[in-house]
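1. sequence unknown, structure follows:
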Ligand code: URA
């Protein structure tokens, strides 16, 4: 691939911008400054530097973020920060999108990507990728509520029944459960439907990809195995950070 095209694909702006960066001597490959925008490159395991900062060529990007509270999943956030504020322009220029949404006050695992197929695979209603949430509840979690959540509840203006799996009471006011759809405010509405209220909500797992080592506000690129895990194509849980 031509150097100018490669740079453009990685989020360094328009073709013209990329040509200018190269001509300015800002781009290095294996410690060599390349000033020819038409320089031809092999993309396998390609690493390059722009103004001394190192980048790895990635055809698509897949990112796991431990979302802090107070951040919205929209580009034009109104009352809060946007999760996109946590990423630099180079990533944003690639058209990074959130895979589904978390409420501004929800914390935990949020995936972002520029791969439309991956996004579809995880958010399509028929795919049923499980998502595990932990929550603090206003009232004690009763056995009856656990049975109701497992059997399924109806939600206003939504078709069908919404059931959770692996519903576990972790403490008197703490519950963990997996949901398999992703309608608006689903967990909060399910808890309201059984007569309780979510006080704090945290997403722990998507498919088999589990949040483990990432601190709030931190993000990592996903490996191939982690991408498969998020799509629920692994047999065992995989942690967010490869240790
Ligand atoms: N369900 C909710 O109610 N809120 C979220 O942020 C995610 C799932």
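-> Sure, I can see it. Computed from a predicted model, the values in this text were never measured in an experiment.
2. From now on I want contacts and neighbour counts done on CA atoms only, so please keep to that.
-> OK.
3. For the longest strand along the chain, name the packing helices and strands.
-> For the chain, the strand with the greatest residue count under DSSP state E is strand 198-206. Under the contact criterion of 3 or more CA pairs under 8 Å, 6 or more residues apart in numbering; DSSP states H and E, strand 198-206 touches strand 107-113, strand 131-137, helix 186-193.
4. Of those, flag the one that's most buried.
-> strand 107-113 (a mean of 24; mean count of other CA atoms under 10 Å).
5. where does the chain have low pLDDT?
-> 241-243 (pLDDT under 70).
6. and with 80 instead?
-> 77, 125-127, 240-243 (pLDDT under 80).
7. Can you give me the end-to-end span of stretch 138-152?
-> 21 Å (CA to CA, to the nearest Å).
8. Off-centre distance for it?
-> Relative to the centre of its chain, stretch 138-152 is centred 29 Å away, using CA atoms, centre = their mean, to the nearest Å.
9. Might you report the residue contacts of the closest residue to residue 215 other than its chain neighbours?
-> Using CA to CA, 6 or more residues apart in numbering and skipping the chain neighbours, the partner closest in space to residue 215 is residue 66 (6.4 Å). Each residue near residue 66 by CA atoms under 8 Å, 6 or more residues apart in numbering is listed here: 107-110, 211, 214-219.
10. ok so, going back, quick one, which of the helices and strands packed on strand 198-206 is nearest to residue 13?
-> strand 107-113 (18.0 Å; CA to CA).
11. Could you name the helices and strands sitting against the closest one?
-> Looks like strand 107-113 contacts strand 62-67, strand 97-98, strand 198-206 (3+ CA pairs under 8 Å, 6+ apart).
12. on that earlier part again, can you give the contact residues for the longest strand of the chain?
-> 105-110, 129-138, 188, 191-192, 210-211, 230-232.
13. contacts with the ligand among those residues, please.
-> Among the contacts of strand 198-206, the residues that sit close to the ligand (CA under 6 Å from any ligand atom) are 106, 188.
14. Name the surrounding residues that touch stretch 131-151.
-> Contacts for stretch 131-151 (CA under 8 Å, 6+ apart): 162-165, 167-169, 172-180, 190-191, 194-207.
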